[in-house]
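*Asks:* Sequence unavailable; structure follows:
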């Protein structure tokens with residue numbers, strides 16, 4: 001007979017195993033380049049991020065140039081003594097708007113191309 005205060009024996013442990021445990025596991029990581037080539041949702045997210053970054057850069061450069069170029073006539077209108085000045089026999093507004101605009105366009109274009117190439121290089125390294 002058993003004693004009335006005796007504890008029952010602990011339940012026997014059972015190991016539960018999935019029937020698929022011996023199946024080959026799927027690759028946990030797909031290359032980003034493949035995601036982009038196959039135009040999956042993940043690849044679309046990567047491409048949209050690059051396009052968004054390039055668009056932000058373009059809008060930033062255009063905005064800075066527009067403020068500088070658009071602000072110049074405003075400054076000349078608010079400061080009539082600057083508008084009346086002559087440099088090398090040319091009126092200052094003509095000199096600023098007709099001559100100095102083009103080198104600033106070249107500098108803005110150079111900056112934009114340099115930054116856009118850097119963005120693409122960073123994206124390419126991310127994809128690799």
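*Replies:* Cool, the structure landed. These numbers were taken from a predicted model, which means no experiment stands behind them. Residues are numbered from 1 along each chain as shown.

*Asks:* For the residue nearest the centre of the chain, which non-adjacent residue is spatially closest?
*Replies:* The residue lying closest to the centre of the chain (C-alpha atoms, centre = their mean) is residue 53, at 3.3 Å. Closest residue in space to residue 53, ignoring its immediate chain neighbours: residue 119 at 5.3 Å, by C-beta to C-beta, 6 or more residues apart in numbering. Where you see a C-beta, it was placed from the backbone N, CA and C, and this is true even at glycine.

*Asks:* Ok, residue 101 next?
*Replies:* Once flanking residues are discounted, residue 101 sits nearest to residue 69: 6.6 Å by C-beta to C-beta, 6+ apart.

*Asks:* my read: that neighbour touches residue 102, true?
*Replies:* No: using C-beta atoms under 8 Å, residue 69 is not in contact with residue 102; the gap is 11.3 Å.

*Asks:* Residue 47 in helix, strand or coil?
*Replies:* helix (DSSP: H, G, I helix; E, B strand; the rest coil).

*Asks:* Could you check how many residues crowd around it?
*Replies:* Using other C-beta atoms under 10 Å, residue 47 is surrounded by 14 other residues.

*Asks:* Compute the distance between it and residue 57, please.
*Replies:* According to C-beta to C-beta, to the nearest Å, residue 47 stands 16 Å off from residue 57.

*Asks:* Helices along the protein, start to end?
*Replies:* 32-37, 41-78, 80-83, 92-98, 101-127 (DSSP state H).

*Asks:* Tell me, how many residues neighbour the residue nearest to residue 95 when sequence neighbours are not counted?
*Replies:* Of all residues not flanking residue 95 in the chain, residue 87 sits nearest, at 5.5 Å (C-beta to C-beta, 6+ apart). Using other C-beta under 10 Å, residue 87 has 11 other residues around it.

*Asks:* so how far is residue 94 from residue 87?
*Replies:* Shown here: residue 87 relative to residue 94, a distance of 9 Å by C-beta to C-beta.

*Asks:* for residue 80, same thing?
*Replies:* The gap separating residue 80 from residue 94 is 15 Å, by C-beta to C-beta.

*Asks:* if you count what's nearby, which of those two comes out ahead?
*Replies:* Set residue 80 next to residue 94 and count neighbours by other C-beta under 10 Å: residue 94 wins out with 11 against 8.
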